[in-house]
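**Q** I'd like to go over a predicted model; first the sequence, then the structure.
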Amino acid sequence: MPENMNYIGLQMKIAIVMREGLNPGLLANAAACIASGLFNREKDLLGEEIRGHDSMSGCIFIPITKIPILIKKQTKPFLEILKRAKNRKLKFMVFTKEAQSTSDYNEYVQRVKGKKLSEIEVLGIGAIGEDSLIDQFSGDLPLLK
């Protein structure tokens, strides 16, 4: 998986492919965790802090993404989706039930360290990259509604 990719001048986007059937709270949590992981070390893809005007609080709007984030429905096996990301040399990450079912990061590490994909329960896979590569990665998957 590439680290510190150079995206300057490219049209970028993220696609997050989520397992169908998660309740809305778990789905939102998983998508947020995947997005935060994909933005790790990708500061160029975030906007700047924006100062508002509010005499009570001195309102500051934190940076948000400059690129689209698509949430797609899993209609193919996650192993196939993972292979698509690898074949296109996209930065990607896998999010698991093991991550979502603990509040202690060290426990999560111990649950998944050294495991094969077949030994964990995948809830979603996210990928970040150039528009056309993300379209190839997830274009045939429907948007999650």
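**A** On my side now, so go ahead.
**Q** below-threshold pLDDT in this structure: ranges please.
**A** The model of the chain has pLDDT under 70 over residues 1-10, 53-58.
**Q** give the contact list for Lys72.
**A** By CB atoms under 8 Å, 6 or more residues apart in numbering, the residues touching Lys72 are Ala15, Ile16, Val17, Met18, Ser138, Leu141, Pro142, Leu143, Leu144. Using the backbone N, CA and C atoms, a C-beta is placed for each residue, glycine as well.
**Q** actually Val112, not the one I wrote
**A** By CB under 8 Å, 6+ apart, the contact set of Val112 is Thr96, Glu98, Ala99, Ile120.
**Q** and the residue lying closest to Ser138 once chain neighbours are set aside, what helix or strand is that in?
**A** Excluding the flanking residues, the one nearest Ser138 by CB to CB, 6 or more residues apart in numbering is Ala15, at 3.9 Å. Assessed by DSSP states H and E, Ala15 sits inside strand 12-18.
**Q** confirm Glu107 sits in a helix?
**A** Yes: Glu107 sits within a helix when classified using DSSP: H, G, I helix; E, B strand; the rest coil.
**Q** and it, how far is that from Ser101?
**A** As for Glu107, its distance to Ser101 is 9 Å (criterion: CB to CB, to the nearest Å).
**Q** Leu46 - how many residues pack around it?
**A** Using other CB atoms under 10 Å, Leu46 has 14 neighbouring residues.
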